[in-house]
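Colleague: Got a sequence here, can you model it:
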Amino acid sequence: STISDISLPNSLMLIGSYSFKGCEGISSLTIPQSLRRCGKGAFEGCCALRELHISDLAAWFGTVFEEATANPTHIAKGLYLNGTKLSHIEVPQSVTKIGDYALYNYLSLNTITLHNAITEIGNSALAGCNGLTALSLPASITTFGISPFAECTGELTVGCNIPSASSSANSPFYGSKFSQATFAEGIKTIGDYALYNCSTIEQITIPKGVEEVGSYALYGCSGKISIDCNIPSAESEYDSIFYCTSFDEITLGRNVASIGSGTFTGCTGTLIVECEIPASSSASEGAFYGASVTKVVIGKEVATIGDYAFRGCTKIAEVEFGSIVKSIGSYAFANCTNLKEVILKNNSVEIDGWAFSYSSLEKINMENVSRMWDYAFEETDALETINWGDITAIGEQSFASSGLTNVSISTKVTTIETNAFKNCKSL
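Modeller: Take a look at the predicted model:
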């Protein structure tokens, strides 16, 4: 326990289990490139170790460490390659696997470059490296061990497919503490449990072309997420990619062509939609059925809001319409009982039947509406006044049972259909 400086011979291939356990005086250790295996607990309790010296990175990554305390990086203050302390590591081209515990708990590591021939990251390979500022995973990686990035920090860029895990604890990113996760274009699969409970991530980006986002892949995630790929239907809320998430902001990019029913059940915060919103045939199949978002922002290139899109989204209090929205589909905002005001920016908007029926709408700038179909504002009992604009026809039961208190019909109106103002008891 009084030894302070150890230099192991170049002939050494094996360090047996618990060989240096409890040697609390070791402050400097030199490992030869001949080493092939370190046994369990080989350096357990070497609490004074400050300098770990090696001469060959490829040999180091080829060493087998039987568990975490077999690798002296778990306690060393610095890893030195030929006398230079490593804060950035560029993995040699000859290395195809980052083995189990290869850099376990190396706190001085800020960045690491993984080249495009690496196919495997082993168990806890980089676990505990909480000094990382960035990590990029190349497309070549196909296999992950258990918790290879636990406690890792910084910005994560994923260029490879993430296979499904059998449980959350077997997920590649289980226990990680990344601040940002960007999946690069070209990947197809984000498997089950991929980012399970990665609650420290503030921004997630999923690009176009992704074909599968697995069960519980985003479970427990929050912050902001941007998705630019098609979103599958969820048979139940547990199958939704957003199950048990609490994102503050969800952005759907312009490349989203289909939005499966039930996907957004329970989603909160702000929803930014930059894609066309498809029509559905019923409320339960509506694009955002069951969502609990409080604000909706319709992007500047969106022209159509499909039938049933937001029907029954009772938490929506504010909708910002883009400047080219020209069609609001049937039942699109029906039963939105917290929606008070709608401001349309396009001066030629067509509102389909029942579009705002049974909502709590108080104000809408009808001067921007070119056509309004039957039942559009039925049972909007908070709607008291209307500015008519260029509308020429008031559809059947358009304002039936609404809260209108004063109606001044525009001189441009040529037709008032059956029951247009039926049961407007404040008139």
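Colleague: dump the residue contacts of the closest residue to residue 14 other than its chain neighbours.
Modeller: The shortest distance from residue 14 to any non-neighbouring residue, by CB to CB, 6 or more residues apart in numbering, is to residue 37 (5.1 Å). For every residue, glycine as well, the C-beta is placed using N, CA and C. Residues in contact with residue 37 (CB atoms under 8 Å, 6 or more residues apart in numbering) are 13-15, 63-66.
Colleague: And for residue 371?
Modeller: Here residue 371 is in contact with 350-351, 391, 393 (CB under 8 Å, 6+ apart).
Colleague: TSV for these, including secondary structure?
Modeller: Below are the contacts of residue 371 laid out as TSV (DSSP: H, G, I helix; E, B strand; the rest coil):
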residue	secondary structure
350	strand
351	strand
391	coil
393	strand
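Colleague: ok, these vs residue 188, which is closest?
Modeller: For those, the residue nearest residue 188 by CB to CB is residue 350; the value is 38.5 Å.
Colleague: Could you measure from the closest one over to residue 342?
Modeller: 14 Å (CB to CB, to the nearest Å).
Colleague: what about residue 378, how many residues close to it?
Modeller: 25 (other CB atoms under 10 Å).
Colleague: Adjust the sequence numbering to begin at 557 for everything that follows.
Modeller: All set: I'll call the first residue 557, so the last point we hit is now residue 934.
Colleague: returning to that earlier point: could I get the contacts of residue 927 as a markdown table with distance to residue 691 and neighbour count?
Modeller: Listed next are the contacts of residue 927 as a markdown table, based on distance: CB to CB, whole Å; neighbours: other CB atoms under 10 Å:
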| residue | distance to residue 691 | neighbour count |
| --- | --- | --- |
| 906 | 49 | 17 |
| 907 | 49 | 27 |
| 947 | 57 | 22 |
| 949 | 61 | 16 |
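Colleague: Need the buried ones from the contacts of residue 593 selected in PyMOL.
Modeller: To isolate the buried members of those in PyMOL, using 16 or more other CB atoms under 10 Å:
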select buried, resi 571+619+620+621+622
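Colleague: which residues of the stretch 607-756 of the chain fall in strands?
Modeller: Along the stretch 607-756 of the chain, counting by DSSP state E, counting those that start in this stretch, strands occupy 607-610, 620-621, 634-637, 640-641, 644-646, 653-654, 667-669, 676-677, 690-693, 699-700, 711-714, 736-739, 745-746.
Colleague: Export those strands to CSV and append columns for mean pLDDT and distance to residue 840.
Modeller: Converted to CSV, those look like this (pLDDT from 0 to 100; distance: least, CB to CB, whole Å):
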stretch, mean pLDDT, distance to residue 840
strand 607-610, 98, 60
strand 620-621, 98, 53
strand 634-637, 98, 57
strand 640-641, 97, 60
strand 644-646, 97, 52
strand 653-654, 98, 47
strand 667-669, 97, 48
strand 676-677, 98, 42
strand 690-693, 98, 39
strand 699-700, 97, 37
strand 711-714, 98, 34
strand 736-739, 98, 30
strand 745-746, 96, 26
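Colleague: Need those in CSV (columns: distance to residue 826).
Modeller: Shown next, in CSV, are the strands of the stretch 607-756 of the chain (distance: least, CB to CB, whole Å):
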stretch, distance to residue 826
strand 607-610, 48
strand 620-621, 46
strand 634-637, 44
strand 640-641, 45
strand 644-646, 38
strand 653-654, 39
strand 667-669, 33
strand 676-677, 35
strand 690-693, 28
strand 699-700, 33
strand 711-714, 23
strand 736-739, 19
strand 745-746, 23
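Colleague: Out of those strands, flag the one nearest residue 902.
Modeller: Across these, closest to residue 902 is strand 736-739 (CB to CB), at 33.7 Å.
Colleague: give me every residue that touches residue 669.
Modeller: Counted by CB under 8 Å, 6+ apart, residue 669 has contacts 644-647, 692.
Colleague: export stretch 772-784 as PDB, just CAs?
Modeller: C-alpha atoms of stretch 772-784 as PDB (Å, rounded to 0.1, in the frame of the first residue of the first chain):
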ATOM      1  CA  TYR A 772     -41.300   3.600 -25.200                       C
ATOM      2  CA  ALA A 773     -38.500   5.100 -27.400                       C
ATOM      3  CA  LEU A 774     -39.200   8.600 -26.000                       C
ATOM      4  CA  TYR A 775     -40.700   7.600 -22.700                       C
ATOM      5  CA  GLY A 776     -40.000  10.200 -20.000                       C
ATOM      6  CA  CYS A 777     -38.500  12.700 -22.400                       C
ATOM      7  CA  SER A 778     -39.300  16.400 -22.100                       C
ATOM      8  CA  GLY A 779     -38.000  19.700 -23.600                       C
ATOM      9  CA  LYS A 780     -38.500  20.200 -27.300                       C
ATOM     10  CA  ILE A 781     -38.800  17.700 -30.200                       C
ATOM     11  CA  SER A 782     -38.700  18.200 -33.900                       C
ATOM     12  CA  ILE A 783     -40.100  15.400 -36.100                       C
ATOM     13  CA  ASP A 784     -39.800  15.300 -39.900                       C
END
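Colleague: And the contacts of it?
Modeller: So stretch 772-784 is contacted by 724, 746-755, 757-764, 797-812 (CB under 8 Å, 6+ apart).
Colleague: so where's the stretch 807-956 of the chain shaky on pLDDT?
Modeller: Along the stretch 807-956 of the chain, no part satisfies pLDDT under 70.
Colleague: now the strands for it?
Modeller: According to DSSP E, counting those that start in this stretch, the strands that the stretch 807-956 of the chain contains are 826-829, 851-854, 860-861, 874-876, 883-884, 897-899, 905-907, 919-920, 925-928, 949-950.
Colleague: With distance to residue 664 added, can I get those strands in a markdown table?
Modeller: Below are these laid out as a markdown table (distance: least, CB to CB, whole Å):
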| stretch | distance to residue 664 |
| --- | --- |
| strand 826-829 | 39 |
| strand 851-854 | 43 |
| strand 860-861 | 53 |
| strand 874-876 | 47 |
| strand 883-884 | 57 |
| strand 897-899 | 54 |
| strand 905-907 | 59 |
| strand 919-920 | 60 |
| strand 925-928 | 64 |
| strand 949-950 | 73 |
